[in-house]
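Asks: Kindly generate the corresponding structure for this input.
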Amino acid sequence: MREIATLVLFTCFVAVTLKAQITGLREGLPEPEGDDMPASVLIPRLREDNPTMKAAVLDALGQTGEKIAVPYAIAALNDMYPDVRIAATKALGRLRDASAVEALTDRSRNDPRMDVRIAAIDALGEIGDRSAVPALTNMLTEPRLRASALTALGKLQAEQTRQVIRQCLNDSSVAVREAAARALGMLRVGEETVALKQLLQDSDWKVRWAAAETLSRWSDAQGCSILTAGLDAEAEDHRIAAARALAAAGVRQAVPKLMEQVKTCEGFEREDYLRALATLRADEAYDLFVDGLSNEWFGTRLAALEGIAALGRRESLTLVERMTNDVERAVRMKARKVLRELAETTSQREDQR
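Replies: Numbers count the residues shown, from 1 in each chain. The predicted model follows:
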């Protein structure tokens, strides 16, 4: 028993130490003027022996948007630790540099870990270079990779992949059918309406809503009604999924219902509804965004800032400036970004006058 107690204490000590190191990476440095730490500060930290720290550095490098980070992230694809390799793929996906396509394609084919291969596929979709189409199409033959490959192909918007994506609408896997429906929506091929309407009767609600979202993008009334009705679903995850789908599909008819939901819920659900209203640029929800700035959940405050940024009202400048002193670093950084965007937007409007 004494040995077990000692092991538990040691494990806790290691966990606390790692957390402190990561916090030091994010919070220990002076806050930069921009949204992220500069790559020049982060790159030397890749020499850390701690894989958790290296993964955190790669995540931060991806957010800088600086192309100087690309070769370092590519090199990290060969790291011995899978978490570091996954962080490298995500960083490259955010950096969106075509020079990483070959290395990511190799990783998506040959990495010994399935989660790393899937992360590499996702990154190929984010980069958007169509030279990856042949490799992604070949991956549709591997069951565990099909859903991810379909999503990536949809993001690449390559018309030549339409037929192979359509064939996956009848796949036995729920995840594959859902991904195929969304991929067709990204291709914006309206002739597939009949096939997608068949999916509205699918046995799984995720597939039905994926099809409804795609149809809604094509202004199909049936798809819009299914998504809006989903806001009254009994399960919270169903309601949140419906809100996200409505926002992605641009269904402005759902704005009144979304506003109603914001007033009657809290936490993550309220956050998602505010983000949906922000995506829809719902001007009538301005007061809800303002109220969200004082919410105890920092995620809600972030969502409220997104809404205020989307509306671009000059009177929001003072409110957003106050948020630059928020207790949460993420909120402070978001507020600074929104403040710049609002200043630029209002300046452009004045110039146009």
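Asks: show me the contacts for the closest residue to residue 249 other than its chain neighbours.
Replies: Leaving aside its sequence neighbours, residue 249 sits nearest to residue 216 (C-beta to C-beta, 6 or more residues apart in numbering; 3.6 Å). Bear in mind the C-beta positions are built from the backbone N, C-alpha and C, glycine included. Applying C-beta atoms under 8 Å, 6 or more residues apart in numbering to residue 216 gives the contacts 223, 224, 227, 245, 246, 249, 250, 251.
Asks: Would you mind measuring from residue 216 to residue 144?
Replies: According to C-beta to C-beta, to the nearest Å, residue 216 stands 30 Å off from residue 144.
Asks: do residue 261 as well
Replies: Going from residue 261 to residue 144 by C-beta to C-beta gives 36 Å.
Asks: swap in residue 304?
Replies: 39 Å.
Asks: The two: which is more packed in?
Replies: More crowded of residue 304 and residue 144, by other C-beta atoms under 10 Å: residue 304, with 31 against 12.
Asks: and the helix or strand the more buried one falls within, how far out from the chain's middle?
Replies: Using DSSP states H and E, residue 304 sits in helix 298-311. Distance of helix 298-311 from its chain centroid, counting by C-alpha atoms, centre = their mean, to the nearest Å, is 16 Å.
Asks: pLDDT of that helix, averaged?
Replies: Averaged over helix 298-311, pLDDT sits at 96.
Asks: residues of it that come out buried?
Replies: 298-311 (16 or more other C-beta atoms under 10 Å).
Asks: nearest to residue 335, of those?
Replies: Minimum distance to residue 335 across these is 6.1 Å, recorded for residue 305 (C-beta to C-beta).
Asks: just checking, that closest one touches residue 321?
Replies: No - counting by C-beta atoms under 8 Å, no contact exists between residue 305 and residue 321, whose distance comes to 11.7 Å.
Asks: joint contacts of those two?
Replies: With C-beta under 8 Å, 6+ apart as the test, residue 305 and residue 321 both reach residue 335.
Asks: what residue ranges in the stretch 51-200 of the chain score low on pLDDT?
Replies: Within the stretch 51-200 of the chain, the segments meeting pLDDT under 70 span 189-190.
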